[in-house]
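> Model the following, please.
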Amino acid sequence: MMDFGKHVAEVWHTGVLGVSLGQVVTAILVLLVFLGLRRVFYRFVVSSLRAVTRKTKSELDDLVLHAVEKPLEFGFVVVGFYLAGQILPMSADVSATFDKFIRSLIALSLFWVVFRSIDPLSALMDRGIAMLGSSSMRDTMKGFFVKLAKFVVICLGIAAVFQEWGFNVAALLGSLGLMGMAVALGAREFIANLFAGLTIFLDRMFEKGNWIRTPDVDGLVEDIGFRATKIRRFDKALVTIPNSRLAGEALVNFSRMT
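Below you'll find the predicted structure:
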């Protein structure tokens with residue numbers, strides 16, 4: 001029996017690549033504990049906060065809580081990975097890589113919170129765009145800026161992760177040669193479409209649901225994005241036209257006939 005216990009102890013303390021079985025098991029247990037705490041957090045803390053927000057007159061706090069609960073749950077996973085990593089012995093290079101991995105997860109968590117908060121916080125725009133006329137125009141304008149904000153957050157999140165791993169995003173694009181030129185041209189086209197979309201909104205050329213006719217298409221406006229506008233023709237075909245092209249064409253809006 002003593003020999004068996006000795007063998008168990010030897011296996012427990014025998015290392016593989018400098019990591020003992022005991023350290024591996026402990027790290028896994030720590031990670032599992034924080035995965036369990038994630039469920040506890042959701043079941044008790046989030047449920048309690050949800051009960052509080054239901055008592056308020058505003059629906060905004062309910063929407064914000066719903067938006068951030070998933071990223072907050074993911075935060076427990078990040079903490080679990082971090083603490084599990086502290087248990088395992090690592091070389092200097094592996095430790096540096098692990099730290100970058102953890103910081104990348106933290107950055108993604110933060111940008112995820114911001115990304116998911118955009119939709120509920122967009123309700124704050126309602127008062128600012130109240131003078132834009134019809135509810136359809138306001139909804140279209142609001143949707144445009146929500147899409148733009150989400151796009152910016154995604155780009156910043158990707159750039160933050162790249163920067164964490166030592167990549168200079170601007171220098172990386174510049175070193176890509178022809179691909180960098182293609183990206184630059186694509187960015188120029190995107191910016192042109194973006195400003196054309198703003199022109200469409202500010203000049204109130206048309207809004208969602210309007211019947212418009214251009215030299216290329218005749219139909220109902222289905223969606224106005226920050227790159228292109230989607231128009232449903234009367235034969236049910238969907239046509240997507242870049243905003244820069246649409247803003248520069250002669251356009252008839254039959255929904256504005258007086």
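> Now name the helix or strand holding Asp61.
Element membership for Asp61 (DSSP states H and E) is helix 60-87.
> where does Asp119 land in three-state SS?
helix (DSSP: H, G, I helix; E, B strand; the rest coil).
> Give me the number of neighbouring residues for Thr97.
13 (other C-beta atoms under 10 Å). For glycine as for every other residue, the C-beta is placed from the backbone atoms N, C-alpha and C.
> which strands and helices sit next to the helix holding Asp61?
Helices and strands touching helix 60-87, by 3 or more C-beta pairs under 8 Å, 6 or more residues apart in numbering; DSSP states H and E, are helix 21-40, helix 47-54, helix 92-121.
> which residues touch the shortest one?
Helix 47-54 is contacted by residues 61-62, 65 when judged by C-beta atoms under 8 Å, 6 or more residues apart in numbering.
> now do stretch 76-85
Contacts for stretch 76-85 (C-beta under 8 Å, 6+ apart): 27-28, 30-35, 37-38, 41, 98, 101-102, 105-106, 109.
> Report the buried residues of that stretch.
Within stretch 76-85, the residues that count as buried by 16 or more other C-beta atoms under 10 Å are 76-82, 84-85.
> With respect to Gln163, which of those residues is nearest?
Closest to Gln163 out of the buried residues of stretch 76-85 is Val78 (18.4 Å), distances taken as C-beta to C-beta.
> quick one: the closest one from Ser109, how far?
6 Å (C-beta to C-beta, to the nearest Å).
> again, but for Ser58
Distance of Ser58 to Ser109, computed by C-beta to C-beta: 26 Å.
> what do you get for Pro71?
From Pro71 to Ser109 the distance is 5 Å (C-beta to C-beta).
> you'd agree Ala123 is up against Ser58?
No - using C-beta atoms under 8 Å, Ala123 is not in contact with Ser58; the gap is 9.1 Å.
> These two: which has the busier surroundings?
Neighbour tally, Ala123 and Ser58, criterion other C-beta under 10 Å: the higher count belongs to Ala123, 14 against 10.
> Let me see the contact set for the more buried one.
Per C-beta under 8 Å, 6+ apart, neighbours of Ala123: 59-60, 63.
> contacting residues for Ile212?
By C-beta under 8 Å, 6+ apart, the residues touching Ile212 are 206, 218-221, 231, 251-255.
> Now with 6 Å, please.
206, 251, 253 (C-beta atoms under 6 Å, 6 or more residues apart in numbering).
> Go through those residues and give me the one with the most neighbours.
Phe206 (26 neighbours).
> Check for me that it belongs to a helix.
No - judged by three-state DSSP, Phe206 forms no part of a helix; its state is coil.
> just to revisit the earlier point, which of the contacts of stretch 76-85 count as buried?
27, 30-31, 34, 38, 41, 98, 101-102, 105-106, 109.
> is it possible to export the residues you listed to a markdown table including pLDDT and distance to Ile212?
Formatted as a markdown table, those follow (pLDDT from 0 to 100; distance: C-beta to C-beta, whole Å):
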| residue | pLDDT | distance to Ile212 |
| --- | --- | --- |
| Ala27 | 81 | 61 |
| Val30 | 85 | 60 |
| Leu31 | 84 | 56 |
| Phe34 | 83 | 55 |
| Arg38 | 77 | 50 |
| Phe41 | 75 | 50 |
| Phe98 | 86 | 56 |
| Phe101 | 89 | 50 |
| Ile102 | 89 | 51 |
| Leu105 | 89 | 46 |
| Ile106 | 89 | 47 |
| Ser109 | 89 | 43 |
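> No more questions from me, cheers.
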